[in-house]
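J.: Let's see this in three dimensions:
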Amino acid sequence: MKTASLKLSSLLILGCTILTGCNSGTSGTNANNVGQSAKTSSACDGVSTWSATQVYASAGTLVIRNGNEYKNNWWTQGDDPATQSGASGSGKPWTLVTSCSVDPVVSPTPTPTPTPAPTITPQPSESSNLPTPIAFTPTSTASGTINYHLNLPYGSGNVEKLVLTANYTDLLISNYVAGALLGNMMHTKYPKLNFNRDYIYGSLFGQLLQENINTTNYLSTTDWINPVANERSSLLASGQGGPYQINDYSKRLENSNGYGLINFVAIQKGLGFTVEAQDNGTQTASSGPVSLDQKYFGPLAAAYFHFNDMNRLAQNNADTWGPQYQYYTKCMANLESANSASFTYNIYDLILNAAYNAGTYSTIIGDYFRICAGMYTTNPEKTQVKSIGDYSLSDTQYQTAIGTKEAAGSTFILYPRQIRIYLDQIYNQPKFTTGAISGTNKVSLTVQDIEYVFENTMGTLAYVNSSNAYNYIAYSDAKKAFEQALTQNSISLTGSLVISNASDKVKFFNLLDSAINNLATNLGIDFTKTTQVTIGGASPSPTPTPDVTCPTNPQVYPAGRGSYVSGSIVKASDGNLYSCNKGVAAWCNSNADAYTPATGWAYSQAWTAYTCTK
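T.: As a prediction, the model looks like this:
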C-alpha cells in the first residue's frame, strides 16, 4: 500500500493521480484535466487553497493547506487536510501529494518560466550503507515504445510513452532480478503455487512505470532511479515510499503481529534503520532511506513488500472473520492445481497487485479471490475468470465481466491489468486486443550485463554467515552462482537474450532462477528469513516464564490439523509443546513441511514454543 507523491511541479499527478495505483479514484476525464494543469511552472501553481465550506465532490481534486498540496479520495466537506490526511487504506479523506514552498498565488494565466536544468547527483553517496556497485558500461540495446499511465482500454484517455533505448536496460535487468527473487520467495512459502513468470518477474518494472515520478529521466550513468534531486527527495519524504510508492514500508503489516520490511534479514542492513524505529513510529515520521531509490536495492525492497503482502493475506484469512476467509483456502488450492499453469487460470499476479494497490480488504481483491475459488467449478466464476486480466475492457465493461462493484474510474479497477499491458508490450504478446502493443519492440540484453547487474543487485542483500557475522553478499559469491547458472542452462557469457522474443525470455527467466537458487544453496541463505530484533543491536529483555500448567493430553502434531485455531497447543516430534501464533491459524493448519513445528524451516512464523509447568 502506498500513496501519491510529487512530480516536478504537479507532473506527478499525471503519473500518480491518473490511473496509477495511488488510490485516488480519479476518473480518466478528470485525470486529463489535471494533466493539463500540471504544466505550470512551480510546484503548486494554479491549485486553490482549501476551504472549510466548499464541497469537494470529485475524487482527485487538489488543494493547498498550510503550504502542502493534498488530493481528496472521495466526496468531502469540512475535513481539514492538515489533520484528516493519511496513507492509502487509512480511511482518511485526504492524501498528501507534496510540500509547496509557499501557498501559491492563483492566477488565471500563469506566466511561464524557463524550466531549470535537472540537478543530477553523480552517485548516491548518501547510500553509504550499501556496497559500492561494480561500475560497467551497459552493452545491451533496446528499441520501441512502452505506453504507460494508461486509461483502459488503450486510446480512451491519457497515455505517456517511454521510448526504449540502451539507457534503460540495466534498470530493467535489476527489476527483473528482484522479480525473480520474489518468485523464489513465493515458491519457498508455497512450493506448489503456480504463477506466471511474465507478470511476477516483470511486475516491479511495471510498478516502477506506474508509480514513479518520471522514469523517463533515468540515467544509467548514476546509481539513482531518480537522478533529479528534488524529485528524489519528494519521493523519500515522510509518508512516501520511494519510487515504488511502498509508503507503508516502515510499518508492521497487517498489525503488530505481522512483519515490516525491517524484519526481513536480507534487507534490514540495506534499509539502515532499526526494528525499534519501526515499532515506535520514528521511521514513519522520518524521511525514507535513500537506498529505496538506489537502482539495485530499490527493486528488492519493493519485491519484499509484495512478498509481505502474501503474509498479510494469509494472516488476514487465518481465522473465520478474515475478509476473504470463505474463498482464500480454496483459491490457494486451485492455484496449486495443474490447470492453473495455463494462462486463463494463472491469476496470482493480479491478486498480488490488487493487494499492493487497493489493499488487502478491498472490494476488488475480494472479487478476485471469489473468482479464483470458483474458477473451475462454479458459475458465473468459470466465465468471469476469462475476463479477469482483460485490458481491452473499459471500467464499466470490466465491472460487468467479472461481477465487481469496485468503482469505475478508480485506480483499483485498473492497476493489476495496467501492469500486465505494460509488460506485454515488452514481450510483444497481445493477450487481449489492444492498440498499445505494436509487436515491434526489441529488448536485447547481453549476458555480461545481466551478470554485472545480478552481482550488484544481490550484493545489496545481507545474511548472517557461518561465523555469525552479518554481511552483504560478496560480489564474488554472486558471480560464482551466476556462472554456475550459465553452465546449467548452456548459455554463453558472450551472448545476448532478446526478452521480447518468447524463447529467449524463458531462457532469461531460467537463468535468473538458477542463479538465485545457486546463491541460496552455496551460502545457506533463506531469503525469506525474518527477525524480531535489530541485528547487532541491543538484545531485548527476556520474557518472564509464565506459571502455566501444561495440558494433560495435548494433540500430537499433525493430529487435529485442519482444526487448529490461534492458541492451539500441540506436541511436536521433538517432544516439546508449541502454540499456534495469533492470527496465523492458516499456517498452523498448512500441510506444507515448512510450517511443521520444531522442524520446519518457517515453523516460527506459525508456532511458538509453549512454556508451562508440568
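J.: centre of the chain versus the helix or strand where residue 487 lies, how much separation?
T.: Remark: residue 487 resides in helix 475-488, with elements defined by DSSP states H and E. Mean-position distance between helix 475-488 and its chain equals 27 Å (CA atoms, centre = their mean, to the nearest Å).
J.: average pLDDT for that helix?
T.: When pLDDT is averaged over helix 475-488, the result is 98.
J.: packing partners for that helix?
T.: When contacts are defined as 3 or more CB pairs under 8 Å, 6 or more residues apart in numbering; DSSP states H and E, helix 475-488 sits against helix 447-458, helix 502-523. Quick note: C-beta positions are derived from backbone N, CA and C, even for glycine.
J.: need the next SSE after the helix or strand of the chain with the lowest mean pLDDT, C-terminal direction.
T.: One helix or strand of the chain scores below all others by mean pLDDT, DSSP states H and E: helix 28-37, with a mean of 28. With elements assigned by DSSP H and E, the helix or strand that comes after helix 28-37 is strand 62-65.
J.: Give me the sheet partners of whichever helix or strand comes after that following strand and which way each runs.
T.: Downstream of strand 62-65, the first helix or strand assigned by DSSP H and E is strand 68-72. Sheet partners assigned to strand 68-72 using DSSP bridges are listed as strand 62-65 (antiparallel), strand 94-99 (antiparallel).
J.: Return the distance of strand 68-72 from the chain's centre.
T.: Centroid separation for strand 68-72 versus its chain: 24 Å, with CA atoms, centre = their mean.
J.: again, but for stretch 417-432
T.: Taking mean C-alpha positions (CA atoms, centre = their mean), stretch 417-432 and its chain are 18 Å apart.
J.: ok, and what's touching that stretch?
T.: Defining contact as CB atoms under 8 Å, 6 or more residues apart in numbering, one finds that stretch 417-432 is touched by 19, 144-148, 150, 152, 154, 198-199, 202-203, 205-207, 209-210, 343, 349-350, 353, 389-392, 398, 434, 436-441, 443, 499-502, 505.
J.: Redo the strands paired with strand 68-72 as JSON lines? Include mean neighbour count.
T.: Listed next are the strands paired with strand 68-72 as JSON lines, based on neighbours: other CB atoms under 10 Å:
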{"stretch": "strand 62-65", "mean neighbour count": "20"}
{"stretch": "strand 94-99", "mean neighbour count": "24"}
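J.: of those, which approaches residue 405 most closely?
T.: Among these, the nearest to residue 405 by CB to CB is strand 94-99 (22.4 Å).
J.: Each with direction, which strands does whichever helix or strand comes after that closest one pair with?
T.: Sequence-wise, the next helix or strand downstream of strand 94-99 (DSSP H and E) is strand 141-143. Using DSSP bridges, strand 141-143 pairs in its sheet with strand 442-446 (antiparallel).
J.: gap between the closest residue to residue 585 other than its chain neighbours and residue 176?
T.: Distances taken as CB to CB, 6 or more residues apart in numbering place residue 318 nearest to residue 585, at 4.1 Å, with adjacent residues excluded. Distance from residue 318 to residue 176, counting by CB to CB, to the nearest Å: 32 Å.
J.: Enumerate every residue touching the residue nearest to residue 585.
T.: Residue 318 neighbours (CB under 8 Å, 6+ apart): 566, 583, 584, 585, 586, 587, 588.
J.: picking up where we left off before, any of the contacts of stretch 417-432 buried? List them.
T.: 19, 144, 146-148, 150, 152, 154, 198-199, 202-203, 205-207, 209-210, 349-350, 353, 389-392, 398, 434, 436-437, 441, 443, 499-501, 505 (16 or more other CB atoms under 10 Å).
J.: Just give the number of residues close to residue 165.
T.: As a burial measure, residue 165 scores 12 neighbours (other CB atoms under 10 Å).
J.: For the closest residue to residue 307 other than its chain neighbours, list the residues it contacts.
T.: Using CB to CB, 6+ apart and skipping residues adjacent in sequence, the residue nearest residue 307 is residue 185, 4.8 Å away. Going by CB under 8 Å, 6+ apart, residue 185 touches 303, 307, 527, 528.
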